[in-house]
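> Turn this into a structure:
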Amino acid sequence: MHLDAGVRFPNYGTVMTETGPDVFATAASRFGGRKTLLVFLLWWPGTAYGQGFETNLWFVRGGATPAYILPTNPFETSAGGASDPIHWAPNLTVEIGRRTDGTSKWHKLYGTPSYGFGFSFVPLPKSIENGRPLEAYTFFSWPFARLSDQLQVTTDFGMGLSWRWKHMNEEKEVYENVLGSDLNARINWGFYLRYLSTPRIAIYTGVDFTHRSNAGMVQPDLGINVIGPKVGLQYNLASEAPTRRDIDPPTFQPLWEFVVGGAGGVKNVIAKRSPIVRANFGTVGATAAVQRHFYQFGKIAGGTDVTYDGSAGASMDGAGREWRAGASRRWAVGVYGGYEHVIGRFSALTQVGDTVARGFAKPNSSRLYTRYGWRYQINDRVWSTLAIRAHGFRKANVLEFGAGYRIRRVSR
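Prediction:
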């Protein structure tokens, strides 16, 4: 066993750290078994931060949101009903994140944003009757406006999973899923004022919106949308300097891009409600679009979709026989426009389209469709996507996984 050089911690002097195969045995013999863990915790930070504790970019933060459930409220239409449905779904979050260090161009362009992962707990009123939903997600925090060296306006975007949304069916005395599925997608978007009160502590407050649904993979896909004020506290493991946005952005050359790609997914529909009979169907689609990368952070696009929906017209008659439209009537063609916000290799995309031709449609069904999700640029040519396609702006239709190819042309 040998001794490393002392490691200096801020305000604590020099700590000698022991390394080698006998370190835990030696610690136990000196201090006793119950103190071995303390020795380990002291030894580990010394090794991890021996090159400078103040360079640590990690942080922890927590927040609370008294969120109001927007119409339509799934607790009013859930199985078993509710004579006095709840209207609030408060949200408590605990997050672990990392600040970017400015070593990449996009770090500086975005004002050194942060990213990480978090856990959420939803303490619903009457928790015995309504369950205790849990969530896990990733987030990206962008300080897009600096009001002073210590005060920023930030926007956070998060995506993850949510489960345990249940309600007690008083007639059957069993818990039933409120959102149609026990496992659901969670999408979060918020705008906050962030104040760096000390080099280690930041306080933020603002408005938070969260959507939860199973993206149409299981029916009924009721979904739940909530909005409310949020307050939070962030603790940095190392000091954070006030942000100064005096960085000259690199020269940007506008580009034209032509993209082609394909996507597929599996969706679930209810063929019969009593008793519930569900069936899974596949969807595939192809797209072609012209895009204009018109400024450093953004692209606009116009294109066309061709989709095949295996669930077109799916239903069940009174005799229990399943029916759906013929293969030649499951196709649809649409045109769309969209915006894509670029964040390094990642980009967040939103598209709005109109179905100009389709083989089968239910009476009074909307032709408007939307798509929103993530695109990742694997290399200069090849990209992949994860997106939700919806009827109109809010009713999820299918979760799509896709890939494609792009050709770029620099404007002259």
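> Just grab the bridge partners of residue 257 for me.
Counting by DSSP bridges, residue 257 is bridged to residue 291, residue 408.
> surely it meets residue 383?
No. Checked against CB atoms under 8 Å, the pair residue 257 and residue 383 is beyond contact range at 10.3 Å. Any C-beta I mention is one placed from the backbone N, CA and C, and that applies to glycine too.
> Those two: which is more packed in?
Shown here are residue 257 and residue 383; by other CB atoms under 10 Å, residue 383 has more neighbours (19 against 16).
> List phi and psi for that one.
phi -130, psi 160 (degrees, to the nearest 10).
> ok so, going back, so what sits against both of residue 257 and residue 383?
Contact criterion CB atoms under 8 Å, 6 or more residues apart in numbering; residues shared by residue 257 and residue 383: residue 406.
> Starting from the helix or strand harbouring residue 235, tell me which strands it pairs with and how they run.
Assigned by DSSP states H and E, residue 235 belongs to strand 224-236. Paired strands of strand 224-236, with direction, are strand 58-65 (antiparallel), strand 68-69 (antiparallel), strand 201-213 (antiparallel) (DSSP bridges).
> low pLDDT regions in the stretch 51-200 of the chain?
By pLDDT under 70, the weakly predicted segments of the stretch 51-200 of the chain are 51-54, 77-83, 127-128, 169-173.
> Show me the strands in it, by range?
Here the stretch 51-200 of the chain has its strands, by DSSP state E, counting those that start in this stretch, at 58-65, 68-69, 91-99, 114-121, 134-146, 151-163, 166-169, 174-177, 183-196.
> can you tell which of these is closest to residue 84?
Nearest of these to residue 84, taken as CB to CB: strand 166-169 at 12.1 Å.
> Can you name every helix or strand that that closest one contacts?
helix 127-130, strand 174-177 (3 or more CB pairs under 8 Å, 6 or more residues apart in numbering; DSSP states H and E).
> I'd like those laid out as JSON lines, including mean neighbour count.
JSON lines is the format used below for the helices and strands packed on strand 166-169 (neighbours: other CB atoms under 10 Å):
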{"stretch": "helix 127-130", "mean neighbour count": "15"}
{"stretch": "strand 174-177", "mean neighbour count": "16"}
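> Could you chop this protein up by domain?
2-52, 56-236, 255-410 (automatic domain parsing).
> Need the winner for burial among those domains.
When the domains of the chain are scored by mean count of other CB atoms under 10 Å, the highest mean neighbour count falls to domain 56-236 (a mean of 18).
> how long is it from one end to the other?
Length of domain 56-236, first residue to last, CA to CA, to the nearest Å: 8 Å.
> For this protein, just list every one of the helices.
Assignment of helices within the chain using DSSP state H yields the ranges 23-31, 33-48, 74-77, 105-109, 127-130.
> how near is residue 231 to residue 125?
Distance from residue 231 to residue 125, counting by CB to CB, to the nearest Å: 20 Å.
> the strands in the stretch 251-400 of the chain, which residues?
255-273, 276-295, 298-309, 315-316, 322-323, 331-343, 346-358, 368-377, 382-391, 395-410.
> any idea of the angle the strand holding residue 235 forms with strand 91-99?
Inter-element angle recorded for strand 224-236 and strand 91-99: 50 degrees (by axes from the mean of the first three to the mean of the last three CA atoms, to 10 degrees).
> from the middle of its chain, how far away would strand 224-236 be?
Mean-position distance between strand 224-236 and its chain equals 15 Å (CA atoms, centre = their mean, to the nearest Å).
> For the residue positioned nearest the centre of the chain, which residues are in contact?
Residue closest to the average C-alpha location in the chain (CA atoms, centre = their mean): residue 159, at 0.9 Å. Contacts for residue 159 (CB under 8 Å, 6+ apart) come out as 137-138, 185-188, 374.
> In CSV, list these along with distance to residue 242.
Converted to CSV, the contacts of residue 159 look like this (distance: CB to CB, whole Å):
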residue, distance to residue 242
137, 29
138, 27
185, 37
186, 33
187, 32
188, 27
374, 31
